[in-house]
Each structure stands twice: as structure tokens, then as C-alpha cells.
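Asks: Predicted model and sequence below, questions to follow.
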Amino acid sequence: MAGLVAAAHARALGAEVAVFEKGNRAGGSMLLSSGVVWRHRTLAEFRADCPGGEPALQRCVVEELDAGLDWLESLGAKVTERETGNPSTVGRRFDTRLLTDALVRAAGNVLLGHAFVETDVLATGGFGARLARERGLLLRANPWSEGDGLAYGLARGADLSAGLDEFFGRNLPAAVPEELFVPAAQVYGAQALVLDDEGREFFPGEPSWSETDLVQATARLPAAAAWYVVDARALRRPVRERTVSDLVEVARAAGGDVRPAEELPFALPRSPKLVEPPFLAIRVRPGVTHTNGGLRIDERARVLRDDGSAIDGLYAAGADAGGIFTGGYGSGLAAALVFGRRAAESAVGG
Ligand SMILES: Cc1cc2nc3c(=O)[nH]c(=O)nc-3n(C[C@H](O)[C@H](O)[C@H](O)COP(=O)(O)OP(=O)(O)OC[C@H]3O[C@@H](n4cnc5c(N)ncnc54)[C@H](O)[C@@H]3O)c2cc1C
């Protein structure tokens, strides 16, 4: 998304642009996403959720997102919902196909199947595909974000942000096709007794609302997989517009391992989460959506060296720019929008 945003904005500012897109379609992971472009209501709430992130970058997101959303709408992108459904966040949900079309139209010159060789704005979507492969995790994102932007930035002397081992993701029942990335996400870790392969509770306390901490803890297990065990009460509970039972059925239909808990290879520990039988066990594996760490940038999206100086003529946006969500979870689409626009302004304005 960030590359299309930067190109569309730079073109409107009078620049000649070309977007090099390695994949065979435009839109990257944004096209596959739920399309909710959101921010925390206040910087303090953003900081509480992502305490390791750079406050100056987080402030840009909080202060500029709303103008960015209006700009997307002015390009013809279609809003499908004006609320996020989460009282601590604000944002809009876009139809991602129409959003991609609007940005491609505004950018004008999008070259599909062309990896970049030289560029001013790095926006290759981080290194989720490489991270998933190297750590034996599932990929829940576009398959082309291998870290090419990072490699290019490093070769030009860039510094890296904090949080390079962090990613945002969802626990999935199996390797699922793109159209199931959203509906098959098993987002009821808070309702489940979460166990490793020895039947131990490996995650202390309750997961955060995004469950990204639970997903990352699952990824650190030797098997990079866990069991969610739920009782009949949990199955009836709502998860957004569905129930836990609906999500378990999607897992089963997607070829996941869903079994009566008596068939687990270990004895269940006692737990206040398992009260009303029958108990069901669901095997989950982390699916990497995007990396959190990346190139270090400043508020103008300039790529920085380790002494804090800016590399001449090099900008980064989207998941190529790290250090915004360190320690937690925020809207990757919002960061792509805000810093894509900033990168364009810096690149055109010098
Ligand atoms: C299922 C799913 C649901 C999501 N839901 C949400 C949501 O509701 N809200 C939210 O905020 N975020 C959501 N996200 C995350 C969001 O999509 C990403 O954070 C966002 O797309 C990141 O933007 P980006 O521009 O960095 O990367 P992308 O949008 O992935 O774009 C990067 C592009 O770079 C291309 N590329 C890679 N390497 C090269 C190269 N060498 N040369 C040229 N091109 C290259 C890729 O092919 C890709 O098209 C979701 C993601 C997924 C997969």
C-alpha cells in the first residue's frame, strides 16, 4: 500500500513517478487485508499498546491519519464502515479492491512483475515472507515481501529499528488460501486454555486484545504450534460478528486438526476455562502478517544512519519502516498511509 500511496501523492505534487511491483498484482497485503485503517484515539493509548515504538512516529500516525483517510476517499476509494467496532480506536474500513484500483489510478504508472533496482522510496512490505520461512511459520500475507527494501537500505548505510524479531500475525488452523486469511484466523485465545505439546500452559496471564503477544509466544515454542482447548460455554461466546464455534468450524473445514480433548496425547490440566463439557482441542500455528522491525526512519520518512543523520534521497514507508509498533500492535495500513504520504512530500520537496 505504502508505495502506491507515495506514488499517488508525489504525482499530485507534480513529480513523475513509477511504481515497481515485484508481484503479479498491485495492492500487496493491503489487498488481502480487512481494510480497516485505524489509529488509537490518543497518543497515550498508542504508547500503552506499543510501548517500545518511537513516540515521534506514533504521534504522526495519531495526528495525520484522519487527513489521510479523507484523501483516500477523495481519490474515489470506497468506505464500507465508518467505525472500527473497537471503542479505543477510530478509523474507516475500505473495500480493498476498490482502494487498490483508486490508488493505481492515482499513481498512474504501476509496473507489475518488476522488482525495483534503484528507488527513492522503499515500500516493499517488510520481510514477513522470509521470517515465516526461516522460522517455520505460516505466511498470512503477500508472498513477495522478502526484505528487499531492508537489504537495499542496509547497503546504503541505514540503521535498523528496534523489534526486528517481532511480527504481527494470527494463529491459523493450517496453511490456508488467501481468501481464508481473515475468516480462518483463530482469534479466541482469550477464551481458550492454551497449551503446548506437553500439555503445559506456556502463556502467562491473558493475551492482549489483538492476541499478537500470544501468537508470538506460540511462534517461540519448539513446535511453533499450540493447542487451544475450549469448553461448551466458550464455543457459544461471540467473537466479533461470529462465535467461537463458527471459527472452530472454519478451522475444521480448512483441514485443521480439531478433536475431542480426550484425544490429546497428554492429560488436561485443571482450569477454570474448562467447566462445561464437551471440551474441544484445536491445533493452531502462527501466520505471519507483517514484520514490526525495519529500517529506522524519522518523522519525514527519511531513512537514518546509526548516528541519526538522514541518507540523502532515501525514504521508507509501510512495513519497510520499523519502530512504530514495537512491543505491541497497531494499524499497518495507517502507517503505510501516513508515512507513504510523508515520504512523497519529502522526496518531492527535498
Ligand atoms: C489478512 C490480512 C488482514 C489485515 N488486516 C488489516 C487491517 O484490517 N488493518 C490494518 O491496518 N492492517 C491490516 N493488515 C496489514 C496490512 O495489510 C499491512 O500492514 C500493510 O499492507 C503494509 O503495507 P506495505 O505497503 O508495507 O506492504 P504491502 O501492502 O504488502 O505492499 C508491499 C508491496 O511491495 C511489493 N514488493 C516486495 N518486494 C518488492 C521488490 N523487491 N520490488 C518491488 N516490489 C516489491 C509486494 O509485492 C507488495 O505488493 C492485514 C494484512 C493481512 C494479510
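Replies: Happy to help now that I have it.
Asks: The stretch 51-200 of the chain: helices as residue ranges?
Replies: 55-74, 96-107, 128-135, 148-155 (DSSP state H, counting those that start in this stretch).
Asks: Save those helices as a markdown table, and put in distance to the ligand, mean neighbour count and mean pLDDT too.
Replies: (C-beta placed from N, C-alpha, C; glycine too.) Converted to a markdown table, those look like this (distance: least, C-beta to the nearest ligand atom, whole Å; neighbours: other C-beta atoms under 10 Å; pLDDT from 0 to 100):
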| stretch | distance to the ligand | mean neighbour count | mean pLDDT |
| --- | --- | --- | --- |
| helix 55-74 | 10 | 17 | 98 |
| helix 96-107 | 8 | 20 | 98 |
| helix 128-135 | 8 | 18 | 98 |
| helix 148-155 | 3 | 20 | 98 |
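Asks: who wins for proximity to residue 346 among these?
Replies: Set against residue 346 and scored by C-beta to C-beta, the helices of the stretch 51-200 of the chain come closest in helix 55-74, at 12.2 Å.
Asks: tally of neighbours for residue 191?
Replies: For residue 191, the neighbour count with other C-beta atoms under 10 Å is 19.
Asks: what about the residue nearest to it when sequence neighbours are not counted, helix or strand, and which?
Replies: Spatial nearest neighbour of residue 191, chain neighbours left out: residue 234 (4.3 Å); criterion: C-beta to C-beta, 6 or more residues apart in numbering. Using DSSP states H and E, residue 234 sits within helix 232-236.
Asks: Quick one: list the elements packing against that helix.
Replies: Helix 232-236 is packed against helix 244-253, with contacts defined by 3 or more C-beta pairs under 8 Å, 6 or more residues apart in numbering; DSSP states H and E.
Asks: Buried residues in the helix it packs on, which are they?
Replies: Neighbour-count burial for helix 244-253 flags 244, 245, 247, 248, 250, 251 (criterion: 16 or more other C-beta atoms under 10 Å).
Asks: Tell me the one among the residues you listed nearest to the ligand.
Replies: Among those, residue 250 lies closest to the ligand (C-beta to the nearest ligand atom), at 13.9 Å.
Asks: so who does that closest one touch?
Replies: 173, 180, 183, 184 (C-beta atoms under 8 Å, 6 or more residues apart in numbering).
Asks: What's the PyMOL line that selects buried ones from those residues?
Replies: The buried subset of those, as determined by 16+ other C-beta under 10 Å, is captured in PyMOL by this line:
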select buried, resi 173+180+184
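Asks: tell me which of the contacts of residue 250 is nearest to residue 85?
Replies: Using C-beta to C-beta, the shortest approach to residue 85 within these belongs to residue 183, at 15.8 Å.
Asks: How about the residues of the protein by the ligand?
Replies: Of all the residues in the chain, those in contact range of the ligand (C-beta under 6 Å from any ligand atom) are 1-3, 20-23, 28-30, 32-37, 115-116, 123-125, 140-142, 144-145, 148, 181-182, 289-290, 318-319, 331-334, 336.
Asks: For ChimeraX, what selects the buried ones among those residues?
Replies: To isolate the buried ones among the residues of the chain next to the ligand in ChimeraX, judged by 16+ other C-beta under 10 Å, type:
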select :1,2,3,20,21,22,23,28,29,30,32,33,35,36,37,116,123,124,125,140,141,142,144,145,148,181,289,290,318,319,331,332,333,334,336
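Asks: okay, now the spatially closest residue to residue 99 that is not a sequence neighbour: neighbour count?
Replies: Ranked by C-beta to C-beta, 6+ apart and with sequence neighbours excluded, the top spatial neighbour of residue 99 is residue 77, at 4.4 Å. Residue neighbour count, defined by other C-beta under 10 Å, stands at 22 for residue 77.
Asks: one step back: with respect to residue 281, which of the contacts of residue 250 is nearest?
Replies: residue 173 (11.6 Å).
Asks: Name the SS class of the residue found closest to that closest one once you drop the neighbours it is linked to in the chain, please.
Replies: Spatial nearest neighbour of residue 173, chain neighbours left out: residue 256 (2.7 Å); criterion: C-beta to C-beta, 6+ apart. Following DSSP: H, G, I helix; E, B strand; the rest coil, residue 256 is assigned to coil.
Asks: With that, I have no additional questions.
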